[in-house]
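[1] Have a look at this fold, sequence not included:
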Ligand SMILES: Cc1ncc(CN)c(N)n1
């Protein structure tokens, strides 16, 4: 069993809880409340900005051009492709995408971003890849399962574009590349470093689940106006 196969097995319960979450099930049935769609896009726009910053920090630790190119490509993917699923959610909500950008982070998004940033600043490249991998991998899992279970048709299912984006090839490429790099890093990592990778990966999986919950419950800070914008 490879290192990443083991990570997937160890976190299977979290993957399943993500798929069973009412937000994800709402994407399947075509019924997600408008305020949950809006909250998700506001928070995910900021999350993906942070994700690109983490790729930037990873590049600062790369030894080879091959590694630099991997992270550089992924920044391009987030910038130019991952806007499509956001646009789908905005269309269903009936709100222009531009109106949902630049909002303060809710607690769930803030926690996840802090976890990625701390790992990016303090960790090795292997730990950084481990902290990032659940992002594409859990969405690939959701997308593939929704493609099978909802079998959405263009023009008939409101979230067809979203499901089609994550359920087809787009996430497979990035997930496969990050997995093979992580397996490679794990081959030469010490037991202590591998343990840190396992913890970083598991925590990101949990925070993926927390992100859906944050969006579904439209989570805000307890005293909303007391929080600074960023
Ligand atoms: C929180 C989160 N996780 C994963 C993805 C898919 N890249 C996303 N857009 N947002």
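    Happy to help now that I have it. Computed from a prediction, not measured in an experiment: that's the story for all the values here.
[2] out of everything not next to it in sequence, what's closest to the residue most central in space within the chain?
    Nearest to the geometric centre of the chain sits residue 135, at 2.9 Å (CA atoms, centre = their mean). Nearest non-adjacent residue to residue 135, counting by CB to CB, 6 or more residues apart in numbering: residue 51, 6.5 Å away. (Each C-beta comes from the backbone N, C-alpha and C, glycine too.)
[3] you'd agree that neighbour is up against residue 117?
    No - here residue 51 lies out of contact with residue 117, judged by CB atoms under 8 Å, at a distance of 10.3 Å.
[4] out of these two, which sits in the busier spot?
    Legend: neighbour count by other CB atoms under 10 Å for residue 51 and residue 117, higher for residue 51 (21 against 15).
[5] contacting residues for the more buried one?
    Residues near residue 51 by CB atoms under 8 Å, 6 or more residues apart in numbering: 78, 116, 132, 135.
[6] Looking at those, which is nearest residue 180?
    Set against residue 180, the nearest of the contacts of residue 51 by CB to CB is residue 132 (13.8 Å).
[7] Next one: residue 214 from residue 105, what distance?
    Distance, residue 214 to residue 105, by CB to CB, to the nearest Å: 10 Å.
[8] need the residues of this structure near the ligand, please.
    44, 47, 48, 135, 136, 139, 208, 211 (CB under 6 Å from any ligand atom).
[9] Strands - which of those residues land there?
    Members of the residues of the chain next to the ligand lying in strands (criterion: DSSP state E): none.
[10] possible to save those residues as a markdown table with pLDDT?
    As requested, those are arranged in a markdown table below (pLDDT from 0 to 100):
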| residue | pLDDT |
| --- | --- |
| 44 | 98 |
| 47 | 98 |
| 48 | 98 |
| 135 | 98 |
| 136 | 96 |
| 139 | 97 |
| 208 | 98 |
| 211 | 98 |
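[11] Narrow these to those in helices?
    Using DSSP state H, 44, 47, 48, 135, 136, 139, 208, 211 are the members of those that sit in helices.
[12] one step back: quick one: which of residue 214 and residue 105 has more around it?
    Counting neighbours by other CB under 10 Å for residue 214 and for residue 105 shows that residue 214 has the greater number, 25 against 21.
[13] what about the strands in the protein?
    Using DSSP E, strands in the chain do not occur.
[14] Need the pLDDT of the closest residue to residue 28 other than its chain neighbours.
    Leaving aside its chain neighbours, residue 28 sits nearest to residue 150 (4.7 Å; criterion: CB to CB, 6+ apart). The score at residue 150 is 96. That number is its pLDDT.
[15] residues in contact with residue 150?
    By CB under 8 Å, 6+ apart, the contact list for residue 150 reads 27, 28, 29, 157, 163.
[16] Tell me the buried residues within the residues you listed.
    Neighbour-count burial (16 or more other CB atoms under 10 Å) applied to the contacts of residue 150 gives 27, 28, 157, 163.
[17] So which residues make contact with stretch 9-29?
    Here stretch 9-29 has contacts from 1, 8, 32-33, 36, 40, 134, 138, 141-142, 145-146, 149-150, 159, 162-163, 198, 201-202, 205-206, 208-209, 212-213, 215-216, using CB under 8 Å, 6+ apart.
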